[in-house]
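Trainee: Below: sequence and its predicted model.
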Amino acid sequence: AASGSGSIMWFRKGLRIHDNPALEYASKGSDFVYPVFVIDPHYMEPDPKAFSPGSKLAGLNRIRFLLESLVDLDTSLKKLGSRLLISKGEPGQVLIQCLKEWGVKKLCFEHDTDPYYQALDIKVKPIPADRRVESSMFLQEYTSAAGIEVFSPVSHTLFNPADIIQRNGGKPPLTYQSFLKLAGQPSWLSSPLLTSISSLPPVGDVGSCEISEVPTIKDLGYGDIEQEWTPFRGGESEALKRLKESVSDKNWVANFEKPKGNPSLFVKPATTVLSPYLKFGCLSSRYFYQCLQDVYKNVQKHTSPPVSLAGQLLWRDFFYTVAFGTPNFDRMKGNKLCKQIPWNDDDELLAAWREARTGYPWIDAIMVQLRTWGWMHHLARHSVACFLTRGDLFLHWERGRDVFERLLIDSDWAINNGNWLWLSCSSFFYQYNRIYSPISFGKKYDPNGNYIRHFLPVLKDMPKEYIYEPWTAPPGIQRKAKCIIGRDYPKPVVYHDSASKECKRKLAEAYALNQKLNGQLSQEDLDNLR
Ligand code: FAD
């Protein structure tokens, strides 16, 4: 084993070379750097019971995206005289073994606010002697006892959520505007970020630690999958290429205005599709933000937050901050921000939504795009989230959240939960009378139904007059389109007009009761509401 000045760079997210302060610090003054990624089998192993290919926690599209990102990282590290070491197992335990075996003095990794990583971090960071109580924290004890320096900088978000919360007296800001006021300009904006590295210290002897190359999905136990795959490939190289393409169109960046934009465009989507790269940290949000500021400086006029492209990155930071500062952010019960609503439980309706069998082509096409691509436009996500919860089916937002969490390639704990709270009118947004029509909303953007024809080929010959409401097509037309409703494509699971009225009525009742009881509803109150 190497002795003296070795360090471990533990990659988790932040799968990049550019703007990577942990990697920078790991290589500073070190003779050896061990870049490690630990594959947690829990996240990767095939789940034969899942309704679509993948593990229990992640759809295969995201697993593949991650593996591609690791291959790309390995290639970049090799160009710098290093390489990526892949290990497998419970990350905390694997790390201890590596630390022991390699005798390093520094452990560096990007700070992460997600509960999964927070739980892991507790295991690795040195704690004051008086707080060292739980025996499960052995990695933490190990780094403390062995005098290993742990360096864990914030570089996944524009701001440190903990700082913002502290500036706000210990509570997260609950509106975007108050968040902006507290946040101000990011401190790193004035000095250029480190975006290129010319070399890295070599990898030391790995000793008896089990190290492998990046596995393929076959190595992980997945057979041949016959389905359409996501067109988006993982990795930093691809992220930087996409970013460059986006920001090179200065007019487009300057005029970007959300929520304008067409959710039915899929050959060339209306937004950047940088979210999966930001999720895994193949792209630094800070670098993205800096590139946007460069564009803004060089144009006469540009849009501003909340609607601008920089404003979208600030939404990301907003949700990270609220999520980090709110206990039980990912559920209704025990979550102070969340209105208590007596959602229905209905496994069949849930399955119809998840499996794209609602009978509403606009909704079903979006759910097919989710399953096959793992990415949809923001307003498409709005449509299906509203439909599942307060718009039509009145099912619990946590059920929809779970489906998104598993299948999205950009699946992000803070952003996903935050947006589900929003769309279900459980928090942040409360205008429950404004419901997306599963018929007219999509039609406005795509009257010919090209999006539906692509993702639901069973409807590809349906005349445009009927494509959003195929159950209204006369039998002769259905026969000619080779799509009999009720046989080849389902009838609607609910009637939007009556279902949405009923949803509004229930929301009004639940809101009134929430107000009366100031959010403190008991299970009994909820049952009485049903
Ligand atoms: P662009 O419009 O190009 O925006 C650039 C970046 O800004 C995005 O990549 C993203 O990081 C950030 N951003 C954009 N919109 C939002 C937003 N509303 N909230 C927070 N950050 C935003 N986004 C995720 O990254 N992961 C999720 O798991 C996720 N779940 C969602 C669930 C629901 C129900 C809804 C309605 C939205 C969800 N979003 C999620 C937010 C948003 O839809 C996506 O970030 C966006 O569509 C990604 O496409 P893009 O990169 O082209 O976005």
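Mentor: Right, received. Where do you want to start? Residues are numbered from 1 along each chain as shown.
Trainee: which ones are touching residue 146?
Mentor: residue 99 (CB atoms under 8 Å, 6 or more residues apart in numbering). (Glycine included, C-beta is placed from N, CA and C.)
Trainee: Residue 497 and the ligand: what is the separation?
Mentor: Applying CB to the nearest ligand atom, to the nearest Å, the value for residue 497 to the ligand is 24 Å.
Trainee: Convert the C-alpha atoms of the one helix or strand that residue maps to to CSV, please.
Mentor: Element membership of residue 497 [criterion: DSSP states H and E] is helix 496-516. Taking Å, rounded to 0.1, in the frame of the first residue of the first chain, the C-alpha atoms of helix 496-516 are listed here in CSV:
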residue,chain,number,x,y,z
HIS,A,496,-62.9,14.1,-17.0
ASP,A,497,-65.8,16.5,-16.6
SER,A,498,-67.4,14.7,-13.7
ALA,A,499,-64.1,13.5,-12.2
SER,A,500,-62.5,16.9,-12.1
LYS,A,501,-65.6,18.5,-10.6
GLU,A,502,-65.5,15.9,-7.8
CYS,A,503,-61.8,16.5,-7.3
LYS,A,504,-62.4,20.2,-6.8
ARG,A,505,-65.1,19.6,-4.4
LYS,A,506,-62.9,17.3,-2.3
LEU,A,507,-60.0,19.7,-2.4
ALA,A,508,-62.2,22.6,-1.2
GLU,A,509,-63.4,20.5,1.7
ALA,A,510,-60.0,19.4,2.6
TYR,A,511,-58.6,22.9,2.4
ALA,A,512,-61.4,24.2,4.7
LEU,A,513,-60.7,21.6,7.3
ASN,A,514,-56.9,22.2,7.1
GLN,A,515,-57.5,25.8,7.7
LYS,A,516,-59.9,25.1,10.6
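Trainee: Give me the contact list for it.
Mentor: With contacts defined as CB under 8 Å, 6+ apart, helix 496-516 is touched by 339-342, 360, 390-394, 425, 430, 432-433, 435, 437-439, 521, 525, 529.
Trainee: Okay, buried residues for stretch 224-234 please.
Mentor: If you call a residue buried by 16 or more other CB atoms under 10 Å, then stretch 224-234 has these buried ones: 230, 232, 233, 234.
Trainee: Could you give the number of residues near the residue nearest to residue 16 when sequence neighbours are not counted?
Mentor: In space, residue 16 comes closest to residue 236 once its chain neighbours are excluded; the distance is 4.4 Å by CB to CB, 6 or more residues apart in numbering. When neighbours are defined as other CB atoms under 10 Å, residue 236 has 23 of them.
Trainee: same question, residue 318
Mentor: 30.
Trainee: what's near enough to touch it?
Mentor: 173, 176, 179, 418.
Trainee: can you rerun that using 6 Å?
Mentor: For residue 318, the contact set (CB atoms under 6 Å, 6 or more residues apart in numbering) comprises 176, 179.
Trainee: give me phi/psi at it?
Mentor: For residue 318, the backbone dihedrals (degrees, to the nearest 10) come out as phi -60, psi -50.
Trainee: So what's the predicted local confidence for it?
Mentor: Model confidence at residue 318, given as pLDDT, is 98.
Trainee: How about residue 1?
Mentor: The score at residue 1 is 43. That number is its pLDDT.
Trainee: Could you do residue 194 as well?
Mentor: For residue 194, pLDDT reads 85.
Trainee: Can you tell me what sits against the longest strand along the chain?
Mentor: Secondary structure of the chain read by DSSP state E shows that its longest strand is strand 32-39. Residues outside strand 32-39 that contact it (CB under 6 Å, 6+ apart): 2, 6-11, 26-27, 77, 82, 84-88, 91, 94, 102, 200-201, 203-204.
Trainee: mind listing the strands for the stretch 1-150 of the chain?
Mentor: Here the stretch 1-150 of the chain has its strands, by DSSP state E, counting those that start in this stretch, at 6-11, 32-39, 85-88, 106-108, 149-151.
Trainee: I meant to write the stretch 301-450 of the chain there.
Mentor: In the stretch 301-450 of the chain, no strands are found when defined by DSSP E, counting those that start in this stretch.
Trainee: Near the ligand, which residues of it are found?
Mentor: Counting by CB under 6 Å from any ligand atom, the stretch 301-450 of the chain comes close to the ligand at 312-313, 315-316, 319, 377-378, 381-382, 385, 404, 408, 410-412, 415-416, 419-420, 423.
Trainee: Just the buried residues of the residues you listed.
Mentor: Buried members of these, counted by 16+ other CB under 10 Å: 312-313, 315-316, 319, 377, 381-382, 385, 404, 408, 410-412, 415-416, 419-420, 423.
Trainee: wait, what's in contact with the closest residue to residue 368 other than its chain neighbours?
Mentor: Distance criterion CB to CB, 6+ apart; nearest residue to residue 368, sequence neighbours excluded, is residue 455 at 4.2 Å. Contacts for residue 455 were tallied using CB under 6 Å, 6+ apart; they are 365, 368, 369.
Trainee: Closest one of those to residue 64?
Mentor: Set against residue 64, the nearest of these by CB to CB is residue 369 (16.6 Å).
Trainee: ok, the closest one touching residue 376?
Mentor: Yes. Look at residue 369 against residue 376 with CB atoms under 6 Å: they come within range, at 5.0 Å.
Trainee: ok so, going back, please spell out the PyMOL selection for the buried subset of the contacts of helix 496-516.
Mentor: In PyMOL syntax, the buried subset of the contacts of helix 496-516 is picked out as below (16+ other CB under 10 Å):
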select buried, resi 339+340+341+342+360+390+391+392+393+394+425+432+435+437+438+439+521+525
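Trainee: Chain neighbours aside, what residue packs nearest to residue 396?
Mentor: That would be residue 343: by CB to CB, 6+ apart, it lies 3.9 Å from residue 396.
Trainee: typo on my end, residue 323
Mentor: Nearest-residue entry for residue 323: residue 414, 3.6 Å, with adjacent residues in sequence omitted and distances by CB to CB, 6+ apart.
Trainee: Show the average pLDDT along the helix holding residue 497.
Mentor: 95.
Trainee: who does the residue nearest to residue 7 when sequence neighbours are not counted bridge with?
Mentor: Nearest non-adjacent residue to residue 7, counting by CB to CB, 6+ apart: residue 106, 3.6 Å away. Counting by DSSP bridges, residue 106 forms beta bridges with residue 7, residue 149.
Trainee: What distance do you get for the residue in the chain sticking out farthest from the centre to the ligand?
Mentor: Largest separation from the mean C-alpha position in the chain: residue 476, at 44.5 Å (CA atoms, centre = their mean). According to CB to the nearest ligand atom, residue 476 and the ligand sit 39 Å apart.
Trainee: In contact with that residue, which residues?
Mentor: Residues counted as contacts of residue 476 (CB under 6 Å, 6+ apart): none.
Trainee: repeat for residue 385
Mentor: 400, 423.
Trainee: how about 8 Å then?
Mentor: Counting by CB under 8 Å, 6+ apart, residue 385 makes contact with 397, 400, 404, 419, 420, 423, 424.
Trainee: Test my guess that the last one contacts residue 387.
Mentor: No. The pair residue 424 and residue 387 does not pass the contact test of CB atoms under 8 Å, sitting 10.9 Å apart.
Trainee: Find residues that contact each of those two.
Mentor: With CB under 8 Å, 6+ apart, residue 424 and residue 387 have no common neighbours.
Trainee: Distance-wise, check the closest residue to residue 220 other than its chain neighbours relative to residue 12.
Mentor: The shortest distance from residue 220 to any non-neighbouring residue, by CB to CB, 6+ apart, is to residue 44 (5.4 Å). The gap separating residue 44 from residue 12 is 14 Å, by CB to CB, to the nearest Å.
Trainee: Nothing else from me, thank you.
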